[in-house]
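1. I would like the atomic coordinates for the input below:
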Amino acid sequence: LVVWDSAAQSSSSFAGYRVYRSRTTAGSYLKLREWKPSAGSFLPNHFFDIGDDDADGTITRSEQMRNNVEYFYRISAFTDSAGRSEERFSNTTSASPVLAPRDLSYGAITEVSENGISGSLAKPKFTVTNFGNFDRLHGGHELRVKMTTISTGTSYVFPVTVTDNAYAGSESFILDFSLFSRGDTVSFGVRHGPFVKDNLFGFGALAIVIDWQFEQLPRPIALDTVFVTQQSNDSTDTPLVFRDTIAVPYVGLLSRQKTLGEMEYEVEFLPGGTDTVSVTSRRFFHYLNVRIVERKTGRELESVVPPGSGEIPGYGQWTISRFTFDEATNVHIDSRRAANRYYVPTRIDSNTAFVFSNSFFVEGTRFVCDYADQGRGLGRPWPKVGRKGTRDFSTGDRLRVIVAGGVSGVMPINATHTFQVGFPSRLAVTRSILDSIRIVPNPYIVSHEAQRSPQDRRILFQFLPKECTIRIYSVALDLVKTIHHRGDGSEEWNLRNENGALIASQLFIAHIESSNGISTTKKFAVVTGE
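-> This next block holds a predicted model:
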């Protein structure tokens with residue numbers, strides 16, 4: 001893992017990063033990756049080399065890196081100003097791939113918090129695909145998964161972002177299950193996962209699994225019905241205009257709707273007050289406050305006033321527009337967009353009274369409580385019911401608003417799952433752990449690529465426990481070398497005996513004993529060419 005800071009990005013001529021690798025400090029450096037800033041993307045500050053030099057997703061033998069071989073890296077920031085390119089390199093850093101000890105269990109991944117709504121995307125799960133890489137790269141870190149939903153107007157997609165708090169970058173991807181808000185008469189029915197994202201962060205250590213299940217419905221999403229669920233003292237008879245087939249496009253779902261699948265809202269009328277619009281014209285309007293809850297998820301929607309006259313509230317939001325009429329003349333005298341108050345009939349005296357139509361916008365869904373039965377607001381008509389109301393809503397009343405069609409299931413809403421990765425713990429060494437130890441190369445031949453030069457001969461013991469003793473014997477059972485191993489999962493022998501003399505070609509026996517007394521024996525051959 002190579003990590004660098006982002007200081008170069010402060011330059012106005014900054015054009016990107018490159019990372020290079022070589023087998024020697026002075027040797028030819030191979031360019032491994034290049035990153036350039038672009039819209040919607042992030043520039044990493046780290047690179048984990050898994051040996052896939054051409055980034056095609058397949059590691060060939062010519063690309064494959066070797067354990068216990070030293071590699072050298074250089075990072076560059078390049079600029080492009082006025083048609084002139086310049087590249088500046090970092091200091092050289094080196095690293096040697098090593099194996100993790102076999103007697104370590106990987107750090108457990110424990111969920112520590114959950115916010116938002118996951119809905120029909122289940123809680124994400126992680127699968128460790130390389131324990132050694134996982135421990136080295138994620139041990140002790142915090143992993144965070146964010147999931148939400150985007151409505152394109154015709155379909156739904158689910159952006160997911162996974163972040164490791166130790167790295168500046170994150171992994172982002174889109175889940176697209178071909179779920180359509182306009183219905184699908186050809187392939188409707190229940191659809192389910194799981195979804196699996198392998199090679200998370202490009203480290204070759206971790207995968208994420210997300211189970212999911214939605215039902216694609218054949219009919220388009222639409223405002224299905226609005227009905228009164230509770231009256232206070234007297235029955236409300238305010239005309240409710242709600243069916244798309246009656247009042248397209250101003251009732252029901254707007255063309256820019258962002259409603260996420262089937263929904264059920266409850267509108268509760270709360271104590272309100274008096275709005276003084278004009279003292280001189282004696283316009284004092286009574287209103288109720290409003291609370292709206294989405295019943296499937298239990299979330300309370302936010303009351304907002306959109307900034308523009310043509311704006312509609314976004315997901316998780318609602319607003320009300322009111323249209324005022326003189327009760328005596330039925331003349332439209334006043335409108336207020338996004339007042340967020342439900343206005344009720346107001347009598348000033350025997351000659352002056354006002355009635356209202358209130359238009360709700362709830363997450364892209366529109367319905368009208370048309371007490372005045374004027375069939376219009378701000379010049380935009382909807383069908384008249386044919387009667388005025390006699391008793392409007394009052395404190396304690398509730399409305400149930402049902403949106404049906406499109407997709408059945410709860411869409412994820414800004415769901416954030418935070419996981420803590422533990423540090424690896426020691427396992428008791430068993431015979432099976434020791435039996436998995438490998439000696440490479442076997443047989444050893446003087447020209448093996450693991451050696452840096454003919455004078456740098458070595459043989460590797462791999463998949464070792466963290467602590468063990470390696471005793472190397474000749475076939476005559478003469479002790480040749482004792483190695484006390486501490487650390488990672490590999491150990492090297494330079495093919496020299498206790499006196500420092502280079503050994504001759506022959507067959508050897510390695511006796512490997514762990515700190516708890518478990519042992520195994522391995523045979524290997526050495527051909528020195530001398």
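
2. hey, let's count contacts and neighbours off CA atoms from now on
-> Will do.

3. quick check: buried residues in stretch 149-165?
-> Residues 149-151, 153-160, 162-164 are the ones in stretch 149-165 that count as buried (16 or more other Cα atoms under 10 Å).

4. just give me how far that stretch sits from the chain centre.
-> 8 Å (Cα atoms, centre = their mean, to the nearest Å).

5. am I right that residue 418 sits in a strand?
-> Yes. Under DSSP: H, G, I helix; E, B strand; the rest coil, residue 418 sits within a strand.

6. can you redo the buried residues of stretch 149-165 as CSV with pLDDT?
-> Below are the buried residues of stretch 149-165 laid out as CSV (pLDDT from 0 to 100):
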residue, pLDDT
149, 91
150, 87
151, 83
153, 74
154, 83
155, 88
156, 91
157, 92
158, 94
159, 93
160, 95
162, 95
163, 92
164, 90
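
7. tell me which of those fall in strands.
-> 150, 151, 155, 156, 157, 158, 159, 160, 162, 163, 164 (DSSP state E).

8. correct me if wrong: the third one contacts residue 183.
-> It stands for residue 155. No. Look at residue 155 against residue 183 with Cα atoms under 8 Å: they stay out of range, at 9.0 Å.

9. so how far is residue 366 from residue 81?
-> From residue 81 across to residue 366, the span is 52 Å (Cα to Cα, to the nearest Å).

10. looking at the two, which is more packed in?
-> residue 366 (25 against 11; other Cα atoms under 10 Å).

11. pairing partners for the host helix or strand of the more buried one, with directions?
-> Assigned by DSSP states H and E, residue 366 belongs to strand 365-369. Within its sheet, strand 365-369 is paired with strand 240-241 (antiparallel), strand 252-253 (antiparallel), strand 353-362 (antiparallel), according to DSSP bridges.

12. lowest average pLDDT across these?
-> For the strands paired with strand 365-369, mean pLDDT drops lowest on strand 252-253, to a mean of 40.

13. now the element after that one, going C-ward?
-> Taking DSSP H and E, what comes next after strand 252-253 is strand 263-278.

14. next helix or strand past that following strand?
-> strand 283-294.

15. just to revisit the earlier point, okay if I get the ones in strands among the buried residues of stretch 149-165 as JSON lines plus distance to residue 431?
-> Converted to JSON lines, these look like this (distance: Cα to Cα, whole Å):
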{"residue": "150", "distance to residue 431": "53"}
{"residue": "151", "distance to residue 431": "56"}
{"residue": "155", "distance to residue 431": "56"}
{"residue": "156", "distance to residue 431": "53"}
{"residue": "157", "distance to residue 431": "50"}
{"residue": "158", "distance to residue 431": "47"}
{"residue": "159", "distance to residue 431": "46"}
{"residue": "160", "distance to residue 431": "43"}
{"residue": "162", "distance to residue 431": "38"}
{"residue": "163", "distance to residue 431": "38"}
{"residue": "164", "distance to residue 431": "36"}
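
16. those: which two are farthest apart?
-> The span of these, defined through Cα to Cα, is set by 155 and 164 at 30.2 Å.

17. alpha carbons only: can I get the lengthiest helix in the chain in PDB?
-> Ranked by number of residues, the top helix in the chain under DSSP state H is helix 131-138. What follows is helix 131-138, C-alpha atoms only, in PDB (Å, rounded to 0.1, in the frame of the first residue of the first chain):
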ATOM      1  CA  PHE A 131      -7.600 -12.600   5.300                       C
ATOM      2  CA  GLY A 132      -4.000 -11.300   5.100                       C
ATOM      3  CA  ASN A 133      -4.800  -8.300   3.000                       C
ATOM      4  CA  PHE A 134      -7.900  -7.600   5.000                       C
ATOM      5  CA  ASP A 135      -6.100  -7.500   8.300                       C
ATOM      6  CA  ARG A 136      -3.200  -5.300   7.000                       C
ATOM      7  CA  LEU A 137      -5.500  -2.900   5.200                       C
ATOM      8  CA  HIS A 138      -8.700  -2.700   7.300                       C
END
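
18. okay, the angle between it and strand 155-164?
-> With axes from the mean of the first three to the mean of the last three Cα atoms, to 10 degrees as the basis, helix 131-138 and strand 155-164 are set at 80 degrees to each other.

19. please name the strands paired to the helix or strand just after helix 131-138 in the sheet, noting orientation.
-> Where DSSP H and E defines the elements, the next helix or strand beyond helix 131-138 is strand 142-147. Partner strands and pairing direction for strand 142-147 (DSSP bridges) are strand 155-164 (antiparallel), strand 413-421 (antiparallel).

20. what mean pLDDT does the next helix or strand along the chain from the longest one get?
-> Read it as strand 155-164. Helices and strands here follow DSSP H and E; after strand 155-164, the next one along the chain is strand 170-180. For strand 170-180, mean pLDDT is 91.

21. helices or strands up against strand 170-180?
-> The contact analysis (3 or more Cα pairs under 8 Å, 6 or more residues apart in numbering; DSSP states H and E) places strand 170-180 against strand 155-164.

22. let's see the strand it packs on as CSV, backbone CA atoms only.
-> Presented in CSV, the C-alpha positions along strand 155-164 are these (Å, rounded to 0.1, in the frame of the first residue of the first chain):
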residue,chain,number,x,y,z
SER,A,155,-37.2,4.0,-13.0
TYR,A,156,-35.3,3.7,-9.7
VAL,A,157,-31.6,3.2,-9.0
PHE,A,158,-29.8,2.9,-5.7
PRO,A,159,-26.4,4.6,-5.2
VAL,A,160,-24.1,2.9,-2.7
THR,A,161,-20.9,4.3,-1.2
VAL,A,162,-18.5,2.4,1.0
THR,A,163,-15.8,4.3,2.9
ASP,A,164,-12.9,3.2,5.0
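
23. and the contacts of it?
-> In this structure, residues lying in contact with strand 155-164 by Cα atoms under 8 Å, 6 or more residues apart in numbering are 138, 141-151, 169-182, 260, 412.

24. what do you get for stretch 80-96?
-> 13-15, 25, 67-79.

25. can you give me the helices in this structure?
-> Along the chain, counting by DSSP H, helices occupy 131-138, 431-435.

26. please work out which of these is packed deepest.
-> helix 131-138 (a mean of 20; mean count of other Cα atoms under 10 Å).

27. how many other residues sit next to residue 290?
-> Residue 290: 19 neighbours (other Cα under 10 Å).

28. residues in contact with it?
-> 267, 268, 269, 270, 340, 341, 342.

29. neighbour-wise, which of these leads?
-> residue 342 (25 neighbours).

30. where does it land on pLDDT?
-> 95.

31. tell me what it is bridged to.
-> Residues in a beta bridge with residue 342, per DSSP bridges, are residue 288.

32. cool, residue 263 as well?
-> Going by DSSP bridges, residue 263 forms beta bridges with residue 403.

33. how about low-confidence regions in the stretch 251-400 of the chain?
-> For the stretch 251-400 of the chain, applying pLDDT under 70 flags the ranges 251-259, 306-312, 338, 376-381, 383.

34. can you count the residues close to residue 345?
-> Neighbours of residue 345 (other Cα under 10 Å): 22.

35. distance of residue 118 from residue 176?
-> In terms of Cα to Cα, residue 118 sits 16 Å off from residue 176.
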